[in-house]
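Engineer: I'll drop the sequence and a predicted model, then ask my questions.
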Amino acid sequence: MFDALSEKFEKVLKKLRGHGVLTEQNIAEALKEVRLALLEADVNFKIVKNFVDRVREKAVGQEVLQSLTPGHQVVKLVWEELRELMGREQAGLGLASIPPTVIMTVGLQGAGKTTTCGKLARLFKHQGKRVLLVAADPRRPAAGEQLASLGADLDVLVHRADRAGVSRADVVRTCAEGVSRGRDQGYDVVILDTGGRLHIDDELMEELADVKRAVTPHEVLLVADAMTGQDAVAMAERFEQRVGLTGVILTKVEGDARGGAVLSIRAATGKPIKFLGVGEKQDALEAFHPDRMASRILGMGDVLSLIEKAQEAYSREQAESIQKKMTATTLTLENFREQIGQVNRLGSMDQILGMLPGGQRLKEMAAMAGGGAPDREISRVVAMIDSMTPCERRDHTIINGSRKKRIARGSGTSVQDVNRLIKQFLAARKMMKALTAGGGRRQLAQAFRSF
């Protein structure tokens, strides 16, 4: 999402770091480019103006201009202001001291509320809590069926109204009955999936206010599409005025949105962003950390989030099994294929590169080298290995010319691509052998045991 903005920020800040001495003119020119980058990212212009003014005020102070590394000091100021803009600290969900915790989701049609309700249910279930989903969207065809399907996949109960009414009173009654059922049957969390509505529809907005008065939820979460840019700000402000929010969940963050919503909503509404929806799968929900997001935007990576993803994807037993395979001298293409599958569990390669310091630069270098998109290249490698026989995957030395032609035909690639794969595999195997010799073996073992 932030690729374009990160690239522009990186260029601007690189110029600043290159100056041994900074002047007010240097800073003014850099901040002009920062302002343009933020406006092109669809950030609200008032928020951009306030952001640039705050950075300028601090950057032209004597403490910065007379420091040994003024360029780095300005980068630090920009990072701090970005973090402040997005909320400074992570804001978790407020859980009730006496269950159930009632979470009410609101938002426009098509923002992804129902899918997000399923993701929240999975998150709580993963924490060992009993979750009840409430289908409170009687107007959208098959909304209840979609939620019921998600509930069945997650093994989570879904409460649906006995009567198929669509009036305001029917919606309020369904929500109240769902919360009452959750309380009576000992559920820890009740999640209300309310229907999508336009923020300018007074009657439907009043319906949400009625639901809130009836069930007094602990959290009222606005589910907003990150693709809407500045429009998300006006919409969020309206929901805050009419219903009252406790936080925001931004969806479709993995798309090509320019990032304006992420940088604008918190500043405009004063309500924290609590989660980001980063894909369609049920586990594609990330807690939002303002400091980590600021680091990503400035190209500093987000190694902490990558470590957390790895800890979720790998158990200790899996890590030890991988260690044994990686330290053995008999690493095969079959093992290679398994490791690619494990890496895919962490997310797309674009997401993983985005979490590494200098990840944007790595993408640019791959493009300059003539490589395609990382995920597409990995798919080609997987296709080639899958086109091999079990014997070929276990022993690459038997792959002769005729076998290469068959593998290329089966995977939709060329013989040159197959040759390149085998060459890359042998290089990886050689590197593993070097790593696992002597001290490298101990270091690799310690790294896997540290999960």
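Structural biologist: Looks like it arrived, so ask away.
Engineer: Was I right to think residue 60 contacts residue 24?
Structural biologist: Yes. Between residue 60 and residue 24 there is a contact under CB atoms under 8 Å: 5.1 Å. For every residue, glycine as well, the C-beta is placed using N, CA and C.
Engineer: Is it correct that residue 132 falls within a strand?
Structural biologist: Yes. Residue 132: assigned to a strand according to DSSP: H, G, I helix; E, B strand; the rest coil.
Engineer: and it, what are its bridge partners?
Structural biologist: residue 157, residue 190 (DSSP bridges).
Engineer: Which other helices and strands does the helix or strand residue 51 falls within contact?
Structural biologist: Using DSSP states H and E, residue 51 maps to helix 45-59. For helix 45-59, the packing partners by 3 or more CB pairs under 8 Å, 6 or more residues apart in numbering; DSSP states H and E come out as helix 24-40, helix 70-85, helix 260-269.
Engineer: mind saving the C-alpha coords of the longest one as CSV?
Structural biologist: Listed in CSV are the C-alpha atoms of helix 24-40, where the atom choice follows Å, rounded to 0.1, in the frame of the first residue of the first chain:
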residue,chain,number,x,y,z
GLU,A,24,16.5,26.4,6.8
GLN,A,25,16.4,26.5,3.0
ASN,A,26,17.5,22.8,2.7
ILE,A,27,14.7,21.8,5.1
ALA,A,28,12.1,24.0,3.4
GLU,A,29,12.8,22.4,0.0
ALA,A,30,12.7,18.9,1.6
LEU,A,31,9.4,19.6,3.4
LYS,A,32,7.9,20.9,0.2
GLU,A,33,8.6,17.4,-1.4
VAL,A,34,7.2,15.7,1.7
ARG,A,35,4.0,17.8,1.4
LEU,A,36,3.6,16.8,-2.2
ALA,A,37,4.2,13.1,-1.4
LEU,A,38,1.5,13.1,1.3
LEU,A,39,-1.0,15.0,-0.9
GLU,A,40,-0.4,12.5,-3.8
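Engineer: Contact partners for residue 219?
Structural biologist: The contact partners of residue 219, by CB atoms under 8 Å, 6 or more residues apart in numbering, come to 93, 94, 101, 102, 103, 104, 246, 247.
Engineer: what bits of this structure have low per-residue confidence?
Structural biologist: 1-2, 17-22, 61-71, 162-165, 229, 255-259, 299-330, 342-375, 432-451 (pLDDT under 70).
Engineer: about what we covered before: could you write me a ChimeraX select line covering just the buried ones among the contacts of residue 219?
Structural biologist: The ChimeraX selection below is limited to those of the contacts of residue 219 classed as buried (16 or more other CB atoms under 10 Å):
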select :93,101,102,103,104,246,247
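Engineer: Go through the contacts of residue 219 and flag which are in strands.
Structural biologist: In this view, these that belong to strands under DSSP state E are 101, 102, 103, 104, 247.
Engineer: Please tell me I have it right and the last one contacts residue 266.
Structural biologist: The one in question is residue 247. No. Using CB under 8 Å, residue 247 makes no contact with residue 266, being 9.8 Å away.
Engineer: Can you measure across stretch 219-234, start residue to end residue?
Structural biologist: End-to-end distance for stretch 219-234: 21 Å, by CA to CA, to the nearest Å.
Engineer: Let me know the closest of the contacts of residue 219 to residue 49.
Structural biologist: For those, the residue nearest residue 49 by CB to CB is residue 247; the value is 25.7 Å.
Engineer: The residue lying farthest from the centre of the chain is in what secondary structure piece?
Structural biologist: Distance from the C-alpha centroid of the chain peaks at residue 402, with 43.9 Å (CA atoms, centre = their mean). Using DSSP H and E, residue 402 falls within helix 401-411.
Engineer: tell me what that helix is packed against?
Structural biologist: With contacts taken as 3+ CB pairs under 8 Å, 6+ apart, helix 401-411 sits against helix 374-386, helix 415-435.
Engineer: Try it again at 10 Å.
Structural biologist: helix 374-386, helix 390-394, helix 415-435 (3 or more CB pairs under 10 Å, 6 or more residues apart in numbering; DSSP states H and E).
Engineer: what about these, which gets the closest to residue 14?
Structural biologist: Nearest of these (CB to CB): helix 374-386, 23.6 Å.
Engineer: for the closest one, the distance to its chain's centre please.
Structural biologist: 23 Å (CA atoms, centre = their mean, to the nearest Å).
Engineer: Can you give me the buried ones in it?
Structural biologist: Those would be 374, 378, 380, 381, 382, 384, 385, for helix 374-386 by 16+ other CB under 10 Å.
Engineer: With respect to residue 230, which of the residues you listed is nearest?
Structural biologist: Looking across the buried residues of helix 374-386 and measuring by CB to CB, the closest to residue 230 is residue 374, at 30.7 Å.
Engineer: List just the nearest of the ones in strands among the contacts of residue 219 to residue 391.
Structural biologist: Distances from residue 391 to the ones in strands among the contacts of residue 219, taken by CB to CB, are shortest for residue 103, at 53.2 Å.
Engineer: what ranges do the strands span in the stretch 201-350 of the chain?
Structural biologist: Assigned strands in the stretch 201-350 of the chain, in chain order: 219-225, 247-251, 273-277, 285-287 (criterion: DSSP state E, counting those that start in this stretch).
Engineer: Pick the most buried one from these.
Structural biologist: strand 247-251 (a mean of 26; mean count of other CB atoms under 10 Å).
Engineer: Show me what that strand is packed against.
Structural biologist: helix 113-126, strand 219-225, helix 231-242, helix 260-269, strand 273-277.
Engineer: Return the list of strands paired to that strand, each annotated with direction.
Structural biologist: Sheet pairing for strand 247-251, using DSSP bridges, gives strand 219-225 (parallel), strand 273-277 (parallel).
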